[in-house]
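Participant: coords please:
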Amino acid sequence: MRRIWPEKRAWRARCSAAAVLVWIAAAAPGAWASGTEAGADVRVPGPGREPQLFFTCCDKGAGAAEQLLGDPKVIAQLKELHAGIAMALPELDSKRAAMVRGLNAEGIPAIAGIQLPKSGTYINAEDFPQARAAVTAFEAWSQQNGLHWEAVGLDIEPNFGELGRLREHPLTLARLLLSRYFERGRVLRARTEYAGLIRQLQQNGYRVETVQLPLIVAERQTHSTVLERLLGIVDVRGDQEALMLYTSFAPPDVGAGILWALGPDAQAIAVGSTEGPRGLVLNWRDFSQDLLIAAHFTHTVGVYNLEGCVQQGFLARLESMDWNQTASIPATEIRKAQRRVAFACALVWVGTWMPAILAVLLLAIALVWMAPWRRKAPSRRA
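Facilitator: Next up is the predicted model:
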């Protein structure tokens, strides 16, 4: 599910980008459930049972992954929680194969996080040839090493690295986005190509889990493809789709409102983050609340990431967590989130219909300019 950003500066840049995308994603019209009267806090009952948890991990190199998954205490806690691992695969090597075999032997479900060759990034509309090559190499590697996978994860995100570099060259970025805006066929091709890749994996015996940023919900609700065209995301699904609803990336005045807003649209939900720069990391109170709200909507909950949960001692606390307790979302978060919903929805709509809006404006200006009353009246003879 996430991520390869070893440097703090890159990590902060990515968090900032994700925060903006989460903010826009709240645009899903009609997403707010009934019963959220203005001024009233929303109390969300827990699911009453432990959800199926999957912890993402292992995007910091094979050495760190070996140390983490080689710890008997961590393995015992994962087994106690009946939890699984979503393992990032920046490289297909013998060390990672040994780690997966260890998880298989302990009965811990493992999801393969496909990453593009060499770059270690996740997939988008621009990278289908590399994604297809990565999947082919993954299948051969898994077969050679006798690895069993619960599912294959396809994490679909914009190329944050490219957008970050072009941010320093506004004209180049503007030209790129303008050209993409009119490439409607590109969206169709990307959907067709990735749907075929998913079918290939399914035919070869793999379950496929697609992982999406929450902005995909806004696209679907508004019947738009503008964000797909501009950012290179692809609206395609596998056997199950997980939405990344990270409250640590959302604006502070929205908080858990993003979970309440988009939870009904999610087959599975990923929460986070438990690791990263100060101010962008969930503490136990917020983390446990996010889990309760997510588990209210879906039985499958992903957590980014295992490393942070181990560092903060969350695994031990999860073992004794009461899943019958109630979480509360403050009324102020709901009201502010609803205002952002209205504005962001208008933003997506305007972006979708921008050419038509400009055409109407130009036509109106032309009609006013050529209106009869603007013509000079003929002079009268005395």
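
Participant: ok so Thr210 is a helix residue?
Facilitator: No. Using DSSP: H, G, I helix; E, B strand; the rest coil, the assignment for Thr210 is strand, not a helix.

Participant: counting neighbours, what do you get for it?
Facilitator: The number of residues packed near Thr210 is 25, by other CB atoms under 10 Å. C-betas here are computed from N, CA, C, even on glycine.

Participant: for it, give me its contacts.
Facilitator: Gly153, Leu154, Ile156, Ile198, Val236, Arg237, Gly238, Gln240, Glu241, Ala242 (CB atoms under 8 Å, 6 or more residues apart in numbering).

Participant: let's see that with 10 Å instead.
Facilitator: Contact analysis of Thr210 by CB atoms under 10 Å, 6 or more residues apart in numbering lists 123, 152-156, 194, 198, 216, 234-243, 267-268.

Participant: same check on Pro158?
Facilitator: 17-18, 21, 122, 124-126, 213, 215, 227-228, 230-233.

Participant: now Ala134
Facilitator: Leu89, Leu92, Ile114, Gln115, Leu116, Pro117, Lys118, Ser119, Ile123, Asp127, Leu154, Leu197.

Participant: of those residues, which belong to strands?
Facilitator: Counting by DSSP state E, the contacts of Ala134 place Leu89, Ile114, Leu154 in strands.

Participant: just among the residues you listed, which is most surrounded?
Facilitator: Going by other CB under 10 Å, Leu154 tops the ones in strands among the contacts of Ala134 with 27 neighbours.

Participant: what's the pLDDT at that residue?
Facilitator: What the model reports for Leu154 is a pLDDT of 96.

Participant: who touches it in this structure?
Facilitator: Per CB under 10 Å, 6+ apart, neighbours of Leu154: 112-114, 122-123, 131, 134-135, 194, 197-198, 201, 208-212, 234, 236-238, 241.

Participant: recalculate using a threshold of 7 Å.
Facilitator: Ile114, Ile123, Val208, Thr210, Val211, Gly238 (CB atoms under 7 Å, 6 or more residues apart in numbering).

Participant: if any of the contacts of Ala134 are buried, put those into a PyMOL selection.
Facilitator: In PyMOL, a selection of the buried entries from these looks like this (16 or more other CB atoms under 10 Å):
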select buried, resi 89+92+114+115+116+123+127+154+197
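
Participant: can you redo the contacts of Ala134 as TSV with distance to Trp353?
Facilitator: Formatted as TSV, these follow (distance: CB to CB, whole Å):
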residue	distance to Trp353
Leu89	41
Leu92	45
Ile114	35
Gln115	36
Leu116	34
Pro117	39
Lys118	40
Ser119	35
Ile123	29
Asp127	29
Leu154	31
Leu197	32
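
Participant: Met244 is in contact with Leu262, correct?
Facilitator: No. Between Leu262 and Met244 there is no contact under CB atoms under 7 Å: 10.2 Å.

Participant: give me the common contacts of these two.
Facilitator: Joint contacts of Leu262 and Met244 (CB under 7 Å, 6+ apart) are Pro214.

Participant: A strand includes Gly48, no?
Facilitator: No. Gly48 is assigned coil when assessed by three-state DSSP, not a strand.

Participant: count the residues that sit near the residue lying closest to it once chain neighbours are set aside.
Facilitator: Taking CB to CB, 6 or more residues apart in numbering, and ignoring the residues beside it in sequence, Gly48 has Asn324 as its nearest neighbour in space, at 5.3 Å. Counted by other CB under 10 Å, the residues lying close to Asn324 total 11.

Participant: any idea how far Asn324 is from His296?
Facilitator: Between Asn324 and His296 the distance is 12 Å, computed by CB to CB, to the nearest Å.

Participant: which residues do the two both contact?
Facilitator: By CB under 7 Å, 6+ apart, the residues touching both Asn324 and His296 are Gly46.

Participant: next, the most centrally placed residue in the chain: phi, psi?
Facilitator: With distances taken as CA atoms, centre = their mean, the residue of the chain nearest its centroid is Leu213 (2.4 Å). With angles defined as degrees, to the nearest 10, Leu213 sits at phi -70, psi 150.

Participant: any idea how far it is from Glu219?
Facilitator: Counting by CB to CB, the gap from Leu213 to Glu219 is 10 Å.

Participant: same thing with Glu126?
Facilitator: Glu126 is 18 Å from Glu219, by CB to CB.

Participant: looking at these two, which one has more neighbours?
Facilitator: Glu219 (21 against 16).

Participant: ok, the more buried one touching Glu228?
Facilitator: Yes. If you go by CB under 7 Å, Glu219 and Glu228 touch, sitting 6.3 Å apart.

Participant: list the residues that contact both of these two?
Facilitator: Asp235.

Participant: what about Ile357, which helix or strand?
Facilitator: Per DSSP states H and E, Ile357 falls inside helix 354-369.

Participant: can you give me the offset of that helix from its chain's centre?
Facilitator: With CA atoms, centre = their mean, to the nearest Å as the basis, helix 354-369 stands 37 Å off its chain's centre.

Participant: let me know the average pLDDT across that helix.
Facilitator: pLDDT averaged over helix 354-369 gives 82.

Participant: and the gap between Thr56 and Thr172?
Facilitator: From Thr56 to Thr172 the distance is 33 Å (CB to CB).

Participant: and for Gln52, the neighbour number?
Facilitator: 17.

Participant: what's the answer for Gly302, then?
Facilitator: By other CB under 10 Å, neighbour count at Gly302 equals 30.

Participant: and it, which of the three is it?
Facilitator: Per three-state DSSP, Gly302 ends up strand.

Participant: who's in contact with it?
Facilitator: Met1, Phe54, Thr56, Ala86, Ala242, Ala268, Ala270.

Participant: could I have the helix or strand hosting Leu291 exported to CSV, CA atoms only?
Facilitator: In the assignment (DSSP H and E), Leu291 maps to helix 284-297. Below are the C-alpha coordinates for helix 284-297, written out as CSV (Å, rounded to 0.1, in the frame of the first residue of the first chain):
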residue,chain,number,x,y,z
TRP,A,284,-2.9,5.7,20.0
ARG,A,285,-6.1,7.7,20.6
ASP,A,286,-6.5,8.9,17.0
PHE,A,287,-5.3,5.6,15.6
SER,A,288,-7.7,3.5,17.6
GLN,A,289,-10.6,5.8,16.7
ASP,A,290,-9.7,5.6,13.0
LEU,A,291,-9.7,1.8,13.3
LEU,A,292,-13.1,1.7,15.0
ILE,A,293,-14.7,4.0,12.4
ALA,A,294,-13.1,2.1,9.5
ALA,A,295,-14.2,-1.3,10.9
HIS,A,296,-17.7,0.1,11.2
PHE,A,297,-17.9,0.2,7.4
